[in-house]
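>>> Quick one: sequence and predicted model below, then my questions.
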Amino acid sequence: MTHSAAGDAGGNRSAEVVYELAPGCTLEDIEAGAAYLATVNGVVDYGVFVDLSEHVSGLVHESNLQNDHDVGDELVVELVEERENGDLGFEELDADPDEVDRTSVNEGTAARTGDLADHVGETVHLEGDIVQIKQTAGPTIFSLRDGDGVVPCAAFESAGVRAYPAVELDDTVRITGAVETHEGALQLEVDKLVRLRGEAADEVRTELDADLEARAAPADVEPLIEWPAFEKLHDDLADLARRLRRAVLESRPIRLRHHADGDGMCASLPVQIALERFIDEVHHDPDAGRHLLKRLPSKAPFYEMEDVTRDLNFALEDRERHGQRLPLLFMVDNGSTEEDTPAYRAVSEYDIPVLVVDHHHPDPDAVGPLVEQHVNPYLHDEDYRITTGMMCVELARMIDPSLTEELEHVPAVAGLSDRSKADAMDQYLELAADAGYDESDLQDIGEALDYAAHWLRYQSGRNLIKDILNLDCDDAARHRELVSFLADRAERDVAEQIDDAEPHVEHERLDNGAHLYRLDVENHARRFTYPAPGKTTGELHDRKVTETGDPVITIGYGPDFAVLRSDGVRLDIPNMVTELKSEVDGAGVSGGGHLVVGSIKFVPGMREPVIDALVEKMADAELDEDLRSTLVRDD
Amino acid sequence: MTHSAAGDAGGNRSAEVVYELAPGCTLEDIEAGAAYLATVNGVVDYGVFVDLSEHVSGLVHESNLQNDHDVGDELVVELVEERENGDLGFEELDADPDEVDRTSVNEGTAARTGDLADHVGETVHLEGDIVQIKQTAGPTIFSLRDGDGVVPCAAFESAGVRAYPAVELDDTVRITGAVETHEGALQLEVDKLVRLRGEAADEVRTELDADLEARAAPADVEPLIEWPAFEKLHDDLADLARRLRRAVLESRPIRLRHHADGDGMCASLPVQIALERFIDEVHHDPDAGRHLLKRLPSKAPFYEMEDVTRDLNFALEDRERHGQRLPLLFMVDNGSTEEDTPAYRAVSEYDIPVLVVDHHHPDPDAVGPLVEQHVNPYLHDEDYRITTGMMCVELARMIDPSLTEELEHVPAVAGLSDRSKADAMDQYLELAADAGYDESDLQDIGEALDYAAHWLRYQSGRNLIKDILNLDCDDAARHRELVSFLADRAERDVAEQIDDAEPHVEHERLDNGAHLYRLDVENHARRFTYPAPGKTTGELHDRKVTETGDPVITIGYGPDFAVLRSDGVRLDIPNMVTELKSEVDGAGVSGGGHLVVGSIKFVPGMREPVIDALVEKMADAELDEDLRSTLVRDD
Amino acid sequence: MTHSAAGDAGGNRSAEVVYELAPGCTLEDIEAGAAYLATVNGVVDYGVFVDLSEHVSGLVHESNLQNDHDVGDELVVELVEERENGDLGFEELDADPDEVDRTSVNEGTAARTGDLADHVGETVHLEGDIVQIKQTAGPTIFSLRDGDGVVPCAAFESAGVRAYPAVELDDTVRITGAVETHEGALQLEVDKLVRLRGEAADEVRTELDADLEARAAPADVEPLIEWPAFEKLHDDLADLARRLRRAVLESRPIRLRHHADGDGMCASLPVQIALERFIDEVHHDPDAGRHLLKRLPSKAPFYEMEDVTRDLNFALEDRERHGQRLPLLFMVDNGSTEEDTPAYRAVSEYDIPVLVVDHHHPDPDAVGPLVEQHVNPYLHDEDYRITTGMMCVELARMIDPSLTEELEHVPAVAGLSDRSKADAMDQYLELAADAGYDESDLQDIGEALDYAAHWLRYQSGRNLIKDILNLDCDDAARHRELVSFLADRAERDVAEQIDDAEPHVEHERLDNGAHLYRLDVENHARRFTYPAPGKTTGELHDRKVTETGDPVITIGYGPDFAVLRSDGVRLDIPNMVTELKSEVDGAGVSGGGHLVVGSIKFVPGMREPVIDALVEKMADAELDEDLRSTLVRDD
């Protein structure tokens, strides 16, 4: 029943073997260079028409005929031409059909990856896309995906040698082979692998696309709370869910980069869990979750060149070593600003789509052309108050609605972590209260996340964060004790830091009436420990706002950076940075942020003139009671 | 002979199959929902008593009977009730025992993991604990441990699907299956896996515990030298050996964290080798040593939050990926102080026992409640002179006494490295001399260890350290040349550092008559190279003690830290730190140490007032000829 | 046909079995302690001479005879003596040859690893060296290499137990066993493994050496351009190619350490690709390339203790875990100076040969004795103008001549990157132009390499660098866009850095008429970003040279280092460093370089006196129009 193990990879075939196609066989069952039995069904001036099966017919031109034939005669032919319009041309071989060794080619059973368990031991056809090609010391493993799922197909040329070298990732193919179990898992032992072209390929692809699109459809879940502002984002999130589900179905790895703070954790972990569950559903390999999804915390407030270089490097290596596709990059609570664009430019040279969900002030003109989707409340005239954690909880539910109950407290944690002043916070707090978390529990979880994120540095800490967030955590008591321990430590460390810093804080009253507080965080804060300079500055600022009740600006500066926070003053930091760049010569000013919070960098030798110029601008800034700083980033 | 592959994991069973138990079968051979052949052995008013085998009998209550029966009649029953007292209740099924398909259930052979080689191809029972559960792309692998050892048992539900999902780590079970060899190693192909409960479980566990306890017993070795002070620690070390051997027997991974200096290396490497050999004896997997034991050098003088976060993260990931237990944490030459407690608090939320062997000044009130065992000479009114290396050499011998000969020089290296002034040093030096090492060899080994530890940073450098310490080293000439090269380099680097520093050392005579030497190690020592600030300060101090012969205090300070050493002065550094904390406002003072050696940290901007206040306290300190600084730590 | 599976590993053999050798059997088929059938072929006073096969004969001394025998009698004997001269002595056993169970020992077929595919299912002999020994949970895998290649041989003692423990890496052996396929790859199932000694071993080794030497021979390629200066290096490079090819044939891993700049990348990547292709040709394992070759960028201008410690650590671990040989160390565009010698001293304690190809000013007296080969234009009275990239392109072609076409533009990139003023640059530029690259393309590639190397830090970035260098890159458009993007970024970052630095550059005119420019790169350059201090200094210097047209010296200094560049002044930096060391007390001066470029380190507190003394020396330096600084290194 095996046609030729060599397939189009070439190999030694006996010229004496003549294949006899079963009636159902199609063009895909024909190999170049092989001999087939044909029957004459028409004789014309310029040759004879022959049938090889019900679906395979063509002309043997007179110049290619060895003998005269009548209708009904058998002859042995080889395919010599396949025209654009599908017409086939054959050549008669010099062989007597009655003398040759006939080998029948069975069309096999058309199957789908979902049915294979019913066909163990049988030969079947599968049609679909190649989504991974892995060379082993023995066979080459082609992962074929159809509308049902993905199955490994082992093709053996010779030990360690790539079979079917012409076949590439994303080719649409038809594979014939025996269904077997290998170490307990189903696989196909490839008899024949044919790249489909033209109409045949289009047909398979269209069907596959429809199947994938249907399976990629996000769940239609009601938002956890009623909130008109949020509703504007619903369609964007549904599209995002569809893209992510589709990536899983297509075996495209996902690299999730997120801001390493409380909101970023509340956003990324639910999506991680939802995707992992969906991966488990789609892929039989228990390691698929680890191969197809990586969550990576980013310390910087933007996508750094060093990070993107590392990401690209890993992606290209995985493609080479494991035959994986290049990944989809998913930026969470990060990735909206002009500072992200160099990294995006770098990945744009490769087939790496970028998706972003963020609530930081975006620069859509810079970012838009480089990302495939950008979900951000500012793009709908809303703002940071809709935190990324709130959005991603809905996103996770659209990917896997069974998560809903476990997630009910998470938007409240995210909101408190990022000090969201949204009116809807009350509803989120109520929802969390119904799930058994009071506001101080939620605050503690936020602090614990922030503290753990600090010490985890570049590790994702999946299981630890699950226990802190009480997501997929098998022991509620451990969750509570862990949170209490970490939140206590965080609070104590912050209190000690601020207590030691306070005596060294310089205060002045600016011309516009705002209080200005300055702290040298390099010299008057502990280094390389929690809280980092950004957090230290933020906590000091909050204390001063509470103490004074007046408009307050706080600057925490180190040798080459300053962290800025303000309440009740319209600073417009991006504008200040632009002005400082041109006004202070040779200072290497850069930075960003938005109206009330941000950070700037400069060369160490120009700190004094930069900060002096900055303070002058602050003294000129307009007071605005509505402006409260809420979002701060460590760097 | 297979009863039902589905076991309690559920699955499709034909209702028509009736199992006929062999006479030796017990309750464990019965499955809920399955049909069994029974024989009536008594008739009472309220029903009939039936036998299913010699060991399985019970009542079919009249309400559960379909027909009338006499003694000797056969009927088909199903188990419906298992009372606390062990009584069983059955229900008659509507089936004619003469019509049904009978399948006999063989009791199999009761076997132990140690006998399996004699049963290849046979079906056997094993009883024991599940110590690892690993899901593969095919079967689920349950590692079963009994008193003899551990054997993998492969249970197949369907490809990549967890078999027996109700069975968890540490469950006591009975597994029936065929003994096979898989890639040359023995394994059981699971026919049936039953969780034991109640008495049956207790019985297995009691026996298993007794077996494990017997195998965990430490070797009864004579100490290498006679030393009454050390004898007080003997029982503690024997307990430690028992705990570590037991962990190996229970497949619990061990994470050994040790101080990365000469004594710490002399302590940890012998224990590592002893444990690796014991692991090889117990576990057939040649990779078991690497999976079950990790040695990790710690640069800090205590267990840092960053390290514990990393340890927890790896432990939780290994549990998830490889189905391993959480590890035992073994702190060596480290871990006795209050500064270790936050990390201990973090691991205490998980099932991670902590054992400590250390000779640094302990804070037993802080540490005691958080660790399972704390071995420290100070807890027996002895002191640092019994070094951790000395203790761990005895510990290693208790774990594997065959190591004795190879280890005879190690306590002397440890003692010299930590400048132990113990009287027993003479005996250790003699022992080393008998093994072919003179004192300068031992000094060189210590220097070489210290130098290598510096450059290895966070790597354990197992093979390199083995060659330096001449432990399990296959080439004595290489050992000698390597030590000579590294010790020369270390000595030269130290000499250059001190020569360059000397001209910048500030000297004054304190009121109490002691010499005070100060060195700015940030500005007058090479950075990021060997020797690090702590070592630099120590070497300078030693030179000054030798030069003057008087009481000496040495301070090596950087931007935010100071390393302190003293000879002949009672500094009591922990007390000084406490006083500085409250006296110097906003300085963020922390630190530790003991009477004559220690280090403090502060915020950079407060260095001057902190050091001034410190020097004032030093000038007031009492001279005490007995106090010699010996233990110093880099940080 | 199996003789005894136990082989020399011992094992239980039945004493009643008597082996009957086939005529072709040799001494290697004889095992100590086994009984053999012999035929008397001569009777002498002191015993009888016996034949066991055509090739195995010897004496049974009368003291070892049990019975009287005539010529032609059969008897049962055991080998008792093997003399130096090859004479064999036997002892008669008390067994009647007509009563015993005879088992014939077939000599098998002598085969070579290249023929095995023709012998699947048969028993064969292989002779060769053991190049890897890997213990698995099942059998021990011995990799045997003969003149054709390497094949894994699986020997099973018991699960996870080392078979033939006496056999070590590099032993010459004869293995008898059945040829099988395991997971699609050929392997031998070992029946018997014998270590060859004496003449037998010598014979095999001699033949093997001849085969390897023949296969190791470099390709005889014409240099890309005619350049007499370069021709002097041709033989050195051919030797290097031979050594590297031979390492691949011997399964010795190669650790390639290279300078992480443009020239270093242009040098190391072609060699990496050539070696990978040769590995693929020799080794069937598709992972062999990754196991046998590691390319590692070095940031420092010499081989640091930290790097060598890490390299040694990995090498020793790989040897232990995977049974690999220790590696060959290949230093590229680095490794010629006295500063490299401590690291070389460390590896010299192990079997790790060191090869160097470099164009930095060498110290052959220091380096020579520690490396096996040192290729450097200065050793042939040429200089840096022959860049390492130029040399390595020829080296790569000698390893794999099929690379030639892809590499034609690479020497020009290397030359431009290192500003080679060689006359031959014109020819290289022409060659590149013919391949479609104009000079600005090549400049851009160099800048892009430098920029990518900066962000890759310690990662090799193989695929990214391939795309930048357009080597083995599947998409020319991506190459172009990636280079354009990276080169633009690099240029912009450099321009911003220099623009910010300029206002803070201090200028003076030295007594010798040279301009001196000083820049505090710590305080007036951005930190931790591109360009690093060395590059910043170099770019500033170039700007000043262009602006003034006069002799120029530029110093870029940080807290503990200074980067030096000069044009038209004979600085002789190594000499200056030596003088500063002795003249400036307590400054910890070190460093290196050559006439016009270099760097020095010092302790931060002594920066001022060191730089003052340095400037004084510079003012005394001789002007020399021929000296142009061209090679600069970041650190």
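Thanks, I have it.
>>> Flag every residue of chain A that's near chain C.
A:135-139, A:156, A:158-160, A:305-306, A:309-310, A:312-313, A:316-317, A:319-321, A:342, A:345-346, A:349-350, A:560, A:585-588, A:601, A:603-606 (CB under 8 Å from any CB of the partner chain). From N, CA and C alone the C-beta is placed, and that goes for glycine too.
>>> Next up, the contacts around the residue of the stretch 251-400 of chain A at minimum distance from chain C.
The stretch 251-400 of chain A approaches chain C most closely through A:Leu316 (3.5 Å), counting by CB to the nearest CB. By CB atoms under 8 Å, 6 or more residues apart in numbering or on different chains, the contact set of A:Leu316 is A:Leu326, A:Tyr350, C:Arg462, C:Asn463, C:Leu464.
>>> which of the residues you listed are buried?
A:Leu326, A:Tyr350, C:Arg462, C:Asn463, C:Leu464 (16 or more other CB atoms under 10 Å in any protein chain shown).
>>> Within the helices and strands, which one has the residue of the stretch 251-400 of chain A closest to chain C?
Assigned by DSSP states H and E, A:Leu316 falls within helix A:305-322.
>>> Now the element after that helix, going C-ward?
Next helix or strand after helix A:305-322 toward the C-terminus (DSSP H and E): strand A:328-332.
>>> That next one - contacts with which helices or strands?
With contacts defined as 3 or more CB pairs under 8 Å, 6 or more residues apart in numbering or on different chains; DSSP states H and E, strand A:328-332 has these neighbours: helix A:234-249, strand A:254-259, helix A:262-282, strand A:354-357.
>>> Could you rerun that using 6 Å?
Using 3 or more CB pairs under 6 Å, 6 or more residues apart in numbering or on different chains; DSSP states H and E as the contact criterion, the secondary-structure elements in contact with strand A:328-332 are strand A:254-259, strand A:354-357.
>>> Listing partners with orientation, what would you give for the last one?
Meaning strand A:354-357. For strand A:354-357, the paired strands and their directions (DSSP bridges) read strand A:328-332 (parallel), strand A:373-375 (parallel).
>>> Ok, the longest one next?
Taking DSSP bridges as the criterion, strand A:254-259 sits next to strand A:293-298 (parallel), strand A:328-332 (parallel) in its sheet.
>>> Run through who's touching the last one.
By CB atoms under 6 Å, 6 or more residues apart in numbering or on different chains, the residues outside strand A:328-332 that reach it are A:247, A:252, A:254-258, A:267-268, A:352-357.
>>> Where neighbours are concerned, which of these has the most?
With neighbours defined as other CB atoms under 10 Å in any protein chain shown, the most crowded of the contacts of strand A:328-332 is A:Ala267; it has 32 neighbours.
>>> close enough to count as contact, that one and A:Thr388?
Yes - applying CB atoms under 6 Å, one finds A:Ala267 in contact with A:Thr388, separated by 4.1 Å.
>>> Between these two, which contacts overlap?
Common contact partners of A:Ala267 and A:Thr388 (CB under 6 Å, 6+ apart): A:Asp333.
>>> how far away is the residue of the stretch 251-400 of chain A closest to chain C from A:Val347?
Note on A:Leu316: its distance to A:Val347, by CB to CB, to the nearest Å, is 11 Å.
>>> same check, this time on A:Ala366
Taking CB to CB as the measure, A:Ala366 falls 15 Å from A:Val347.
>>> Centre of the chain to the helix holding A:Leu316, how far?
In this view, helix A:305-322 has its centroid 14 Å away from the chain centroid, taken as CA atoms, centre = their mean, to the nearest Å.
>>> Repeat that for stretch A:613-627.
On CA atoms, centre = their mean, the centre of stretch A:613-627 falls 41 Å from the chain's centre.
>>> what does stretch A:200-220 give?
What separates the centre of stretch A:200-220 from the centre of its chain is 19 Å, taken as CA atoms, centre = their mean.
>>> Go ahead and name everything in contact with that stretch.
Applying CB under 6 Å, 6+ apart, the contact partners of stretch A:200-220 are A:127-128, A:147, A:172, A:196, A:238, A:241-242, A:245-246, A:249, A:398, A:401.
>>> If any of those are buried, put those into a ChimeraX selection.
Buried residues within these, by 16+ other CB under 10 Å, are selected in ChimeraX with:
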select /A:127,128,147,172,196,238,241,242,245,246,249,398
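>>> what's near enough to touch whichever residue of the stretch 501-635 of chain A sits closest to chain C?
Nearest residue of the stretch 501-635 of chain A to chain C (CB to the nearest CB) works out as A:Gly605 at 3.1 Å. For A:Gly605, the contact set (CB under 6 Å, 6+ apart) comprises C:Asn523, C:His524.
>>> confidence score at it?
pLDDT recorded at A:Gly605 is 94.
>>> quick one: it and B:Arg321, what's the gap?
With distances taken as CB to CB, A:Gly605 is found 49 Å from B:Arg321.
>>> cool, and A:Arg518?
Looking at A:Arg518 against B:Arg321, where the rule is CB to CB, the gap reads 49 Å.
>>> between these two, who's got more neighbours?
Counted by other CB under 10 Å, A:Arg518 and B:Arg321 do not tie: A:Arg518 has more neighbours, with 19 against 13.
>>> In three-state terms, how would the more buried one be classified?
A:Arg518 carries the three-state label strand when classified by DSSP: H, G, I helix; E, B strand; the rest coil.
>>> can you pull up the bridge partners for A:Glu78?
The partner residues for A:Glu78, given DSSP bridges, come to A:Glu91.
>>> before we move on, back to that, just name the most buried of the strands paired with strand A:354-357.
Among the strands paired with strand A:354-357, judged by mean count of other CB atoms under 10 Å in any protein chain shown, the one packed with the most neighbours on average is strand A:328-332 (a mean of 26).
>>> Can you give me the neighbour number for A:Asp511?
A:Asp511 is flanked by 10 other residues according to other CB under 10 Å.
>>> and the closest residue to chain B within the stretch 351-500 of chain A, what is it in contact with?
Scanning the stretch 351-500 of chain A for proximity to chain B using CB to the nearest CB identifies A:Asn463 as nearest, at 3.5 Å. For A:Asn463, the contacting residues are B:Leu316, by CB under 6 Å, 6+ apart.
>>> cool, A:Val552 as well?
Contacts here follow CB under 6 Å, 6+ apart; on that basis A:Val552 touches A:His515, A:Lys544, A:Val545, A:Asp567.
>>> who's it bridged to?
A:His515, A:Asp567.
>>> Could you point out which residue ranges in chain A have low pLDDT?
Chain A contains residues with pLDDT under 70 at A:1-16, A:106-107, A:184, A:284, A:627-635.
>>> Report the central residue of it.
In chain A, the centroid-proximal residue (CA atoms, centre = their mean) is A:Ile254; its distance is 2.8 Å.
>>> Looking at strand pairing, list the partners for that residue.
A:Leu293, A:Leu328.
>>> Based on its surroundings, how many neighbours for whichever residue of the stretch 51-200 of chain A sits closest to chain C?
Of all residues in the stretch 51-200 of chain A, A:Gly138 sits closest to chain C, at 2.1 Å by CB to the nearest CB. For A:Gly138, the count of nearby residues is 20 (other CB under 10 Å).
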